[in-house]
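1. generate a structure from the sequence data that follows.
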Amino acid sequence: MSNKHLHYDIVNNALLLNGDTKSFNFSFSDYKNIKKIIVKSDSILSIVGELDILNSDIELIVEPNSVVTLKLLSCNLLNIAKINVNVYKNAQFSLFFLDFCNGDAHLNFNINLIDEYSAGTIKLASLAFGNHKKYIEMNINHLAKNTNGLVDAYGICKDCAKLHFLGRSHIFENATQTFTIQNARIMILDSGCDAVAKPILKIDNNDVKASHSASIGEVNQEHIFYLTSRGLKYEEAKKIIILGYFNPIVKVFDKTSLDEKINALMTEKV
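-> Numbers count the residues shown, from 1 in each chain. Purely as a prediction, here's the structure:
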């Protein structure tokens, strides 16, 4: 099967992708029997879709010299989701995830950098509201030398919700000349929130560059003052700041099949 410059097939519950395309629309609910996605060597793919089923466990393989971007939106009920990615030599994988799901969730994103010169990125934004409890794990395992990893997580916690960001970057003993960063930030809007940002570095090799940061705080009152001094009402200023907080992730979905839906969700839920 083919779609413009993309060729795809389904073999033994695995979706095989090969080619070059700006956007391949994918819905987990449409491929319920798919447990593995394999991107063949020398492919350049952008996969856009919704993580919209209660239990999802997907393995993604990025073969050598491929560049894969996975852009996912969650806006319905989402209970448990696990995505495990294996990235091979000279390949790059980037995950952009927007979470507005209405319910409790335990999400696990795991990237294994198998061969040298592989790279993995996780960038996500999550909104926890009501009495929902959300636990999001983001792990990058550096198994070979000259690998690069980046995790950026943005959270907003409101009402009496619970939002925990748990991340680990593990640099194995033979992974020399590795570079890894983990950042986690959560903005709390109400006193009843429970927010945790806990990035962890596990380093078994000294010839590396690694860093991590975490911050939890309220809306910056200096920013509020600046905007209200320009004529905006307090709630208007607060909303602009919150929308801007998610913008690094939201803008990645511009000109995709999901951009209008995301803009509506931002207006409705934030």
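
2. CA atoms only for the longest strand along the chain, dumped as CSV, please.
-> Ranked by residue count, the top strand of the chain under DSSP state E comes out as strand 14-27. What follows is strand 14-27, C-alpha atoms only, in CSV (Å, rounded to 0.1, in the frame of the first residue of the first chain):
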residue,chain,number,x,y,z
ALA,A,14,3.1,-4.9,12.8
LEU,A,15,2.7,-1.7,10.7
LEU,A,16,5.7,-1.3,8.3
LEU,A,17,6.4,2.3,7.1
ASN,A,18,8.9,3.3,4.4
GLY,A,19,9.4,6.5,2.6
ASP,A,20,9.3,10.3,2.9
THR,A,21,6.1,12.1,3.9
LYS,A,22,5.4,15.3,5.8
SER,A,23,2.3,13.8,7.6
PHE,A,24,0.9,10.3,8.1
ASN,A,25,-2.3,10.5,10.0
PHE,A,26,-2.6,7.6,12.6
SER,A,27,-5.3,6.7,15.1
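
3. pull the residues that contact it.
-> The set of residues external to strand 14-27 that reach it, using CB atoms under 8 Å, 6 or more residues apart in numbering, is 2-10, 31, 34-40, 43-50, 52, 256-257. For every residue, glycine as well, the C-beta is placed using N, CA and C.

4. which of the residues you listed are buried?
-> Taking 16 or more other CB atoms under 10 Å as the criterion, what is buried in these is 6-8, 31, 34, 37-40, 43-50, 52, 256.

5. give the buried residues for the strand or helix carrying K239.
-> Here K239, judged by DSSP states H and E, is contained in helix 234-250. For helix 234-250, a neighbour-count test (16+ other CB under 10 Å) marks 237-239, 241-242, 245-246, 249-250 as buried.

6. closest one of those residues to K158?
-> Lowest distance from K158 to the buried residues of helix 234-250 (CB to CB) belongs to I242, with 9.3 Å.

7. pretty sure the closest one is touching T267, no?
-> No. Counting by CB atoms under 8 Å, I242 stays clear of T267, with 11.4 Å between them.

8. and the helix or strand hosting N139, C-alpha only, in CSV?
-> Assigned by DSSP H and E, N139 falls within strand 133-142. Provided in CSV are the C-alpha atoms of strand 133-142 (Å, rounded to 0.1, in the frame of the first residue of the first chain):
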residue,chain,number,x,y,z
LYS,A,133,-4.5,11.8,38.9
LYS,A,134,-1.8,11.7,36.2
TYR,A,135,1.6,10.0,36.3
ILE,A,136,3.8,10.5,33.3
GLU,A,137,7.2,8.7,33.1
MET,A,138,9.7,9.7,30.5
ASN,A,139,12.9,7.6,30.1
ILE,A,140,15.8,7.8,27.7
ASN,A,141,18.4,4.9,27.8
HIS,A,142,21.8,5.6,26.3
